[in-house]
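Peer 1: following is a predicted model, sequence given first.
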Amino acid sequence: MNYQEAISFLFSSLPMYQRVGKAAYKSNLNNTLALDDYFGHPHRSFKSIHVAGTNGKGSVAHMLAAVLQTAGYRTGLYTSPHLKDFRERIRVNGEMIPEDRVTCFVNDHREIIEKIHPSFFEMTVAMAFDHFAREKVDIAVVEVGMGGRLDSTNIIQPLLSVITNIGMDHSQFLGDTLYKIAREKAGIMKPGIPVVVGQKQKEVSIVFEKRAMELYCPLYFADHECSVEYSLQSAGGKQGLHIYREGKPWPGALELDLLGLYQQKNILTVLKALEVAGEKGISVSGEQLRDGLANTCKLTGLKGRWEIIGHNPLIICDTAHNPDGMREVVSQLRQMPWKNLNIILGMVDDKDPGKLLAQLPREAMYYFTQASVPRAMDREKLARHALKYGLYGQVCPSPARALEIARSTAVTEDLIFIGGSTFVVSEVIW
């Protein structure tokens, strides 16, 4: 098989949660452990940082990787899902896994794939760890796919575990309360391994505190050690964050090329994680920290986080797809100047849309659409749901067509926002 044939084989042969939903979910680690044994436990050959959480884990993982590679460490980065190119999931020093490596992996190991029939995610994790081992990375930043306890990435023994926050998402798998979801996320905690939790939430902090006591894990809540007092846009168009630690200002602003205001929460998690990693021998200088954070998107290829993709009118996209994430997005939209707000919206069909729709501004003009994946909610159905929340607009056949229509009717002072689903963003971002 060539590369395109290998990718088609993976997509068509292995159930992929991002496309088919529940059918791809595996409630045990049997396949993961079988693959790990088959490949000779590649994750044991490199150090790692494990990142879980409901929102922000992708941004935190990319920021950590950017700083580590700036500091001279050969750094692997595993994230999901991808937006356009499957290879976005597996990077070494920002470079995507080569096409020929993917092709060889599928050709060389097709027998085991067809024998145990893993999920797409299980196979991708195995590919990532094999690639990192072959590339002799010093450290890998590994993002959890869903939950934690039963996630395929949870076979690693990291230097440090990170949990950004807990919100309502994937409830059909992880539980219908924050407490239950927190217990699943806490499943990445390992005996004696330090844990950084980004936000101390009163509903769930007891879960982490109890688990840390059971496992003798040092536990840190990042937002109880540092705070972002305010942010300003720098002359270079980046977000300058003014941070205080234990009541004292951080020396100078830290710049981020990630412009979402919600990154003010994520940066605290990153700073504490790097401090703890430093105690484990992963040293980063102040200059390397600043350079890495200021160039995260450039260094790691991160896209779709409050990303500006057009001007006059201003066009912004964001992959937020659950109520907590959308609440942050809407808060920032309300702080921005615009004459008319236009929102291109699509969602997946295996989640209750009500809590997300309830967050959205009623004064916007909506373009209801659907991405070209099986999980996408029918655009007519989405429009009917939206009416219940006072959201009005028109139905469009595709995200690309919705953007075309919105641009044709918008004036220079308008703002067009694209979101509701990672898949909607992926169809307009390039």
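Peer 2: Sure, I can see it.

Peer 1: can we go C-alpha only for contacts and neighbour counts from here?
Peer 2: Noted.

Peer 1: what's the helix or strand hosting residue 69 in contact with?
Peer 2: Per DSSP states H and E: residue 69 is located in helix 57-70. Outside helix 57-70, the residues that touch it by C-alpha atoms under 8 Å, 6 or more residues apart in numbering are 51, 74-77, 79-80, 93-94, 140-143, 163-164, 263, 266-267, 269-270, 274, 284, 288-293, 295-297, 299-300, 302, 305.

Peer 1: same question for stretch 209-229.
Peer 2: Counting by C-alpha under 8 Å, 6+ apart, 186, 189-200, 208, 241-246, 264-265, 268-269, 272 sit against stretch 209-229.

Peer 1: swap the cut-off to 6 Å and go again
Peer 2: 191-200, 242-245, 268-269, 272 (C-alpha atoms under 6 Å, 6 or more residues apart in numbering).

Peer 1: now swap in stretch 257-265 and tell me
Peer 2: Stretch 257-265 is contacted from outside by 238-239, 294-295, 306, using C-alpha under 6 Å, 6+ apart.

Peer 1: could you export these as JSON lines, including pLDDT, distance to residue 413 and neighbour count?
Peer 2: Listed next are the contacts of stretch 257-265 as JSON lines, based on pLDDT from 0 to 100; distance: C-alpha to C-alpha, whole Å; neighbours: other C-alpha atoms under 10 Å:
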{"residue": "238", "pLDDT": "92", "distance to residue 413": "21", "neighbour count": "17"}
{"residue": "239", "pLDDT": "94", "distance to residue 413": "22", "neighbour count": "23"}
{"residue": "294", "pLDDT": "97", "distance to residue 413": "28", "neighbour count": "22"}
{"residue": "295", "pLDDT": "97", "distance to residue 413": "29", "neighbour count": "20"}
{"residue": "306", "pLDDT": "96", "distance to residue 413": "18", "neighbour count": "23"}
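
Peer 1: which parts of stretch 191-199 are buried?
Peer 2: In terms of neighbour count (16 or more other C-alpha atoms under 10 Å), stretch 191-199 has its buried residues at 192-199.

Peer 1: quick one: least confident of those residues?
Peer 2: Among those, residue 199 has the lowest pLDDT, at 94.

Peer 1: could you chop this structure up by domain?
Peer 2: 3-223+269-282, 307-426 (automatic domain parsing).

Peer 1: with distance to residue 255 added, can I get those in JSON lines?
Peer 2: As requested, the domains of the chain are arranged in JSON lines below (distance: least, C-alpha to C-alpha, whole Å):
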{"stretch": "domain 3-223+269-282", "distance to residue 255": "12"}
{"stretch": "domain 307-426", "distance to residue 255": "16"}
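
Peer 1: weakest of those in terms of mean pLDDT?
Peer 2: Ranked by mean pLDDT, the domains of the chain end with domain 3-223+269-282 at the bottom, a mean of 92.

Peer 1: how far does that domain sit from its chain's centre?
Peer 2: Distance of domain 3-223+269-282 from the chain centroid (C-alpha atoms, centre = their mean, to the nearest Å) equals 11 Å.

Peer 1: how long is it from one end to the other?
Peer 2: Distance between the boundary residues of domain 3-223+269-282 (C-alpha to C-alpha, to the nearest Å) amounts to 36 Å.

Peer 1: so residue 272, which of the three states?
Peer 2: Classification of residue 272 using DSSP: H, G, I helix; E, B strand; the rest coil returns helix.

Peer 1: contacts only, for it.
Peer 2: Residues near residue 272 by C-alpha under 6 Å, 6+ apart: residue 222.

Peer 1: any idea how far residue 220 is from it?
Peer 2: Counting by C-alpha to C-alpha, the gap from residue 272 to residue 220 is 8 Å.

Peer 1: same check on residue 175?
Peer 2: From residue 175 to residue 220 the distance is 25 Å (C-alpha to C-alpha).

Peer 1: looking at those two, which is more packed in?
Peer 2: Counting neighbours by other C-alpha atoms under 10 Å for residue 175 and for residue 220 shows that residue 220 has the greater number, 22 against 17.

Peer 1: what secondary structure does the more buried one sit in?
Peer 2: Assigned by three-state DSSP, the conformation of residue 220 is strand.

Peer 1: swap in residue 162?
Peer 2: Recorded secondary structure, residue 162: strand (three-state DSSP).

Peer 1: bridged to it, which residues?
Peer 2: residue 51, residue 196 (DSSP bridges).

Peer 1: number of nearby residues for it?
Peer 2: 30.

Peer 1: the one 4 residues further on too?
Peer 2: Residues lying near residue 166 (other C-alpha under 10 Å) number 26.
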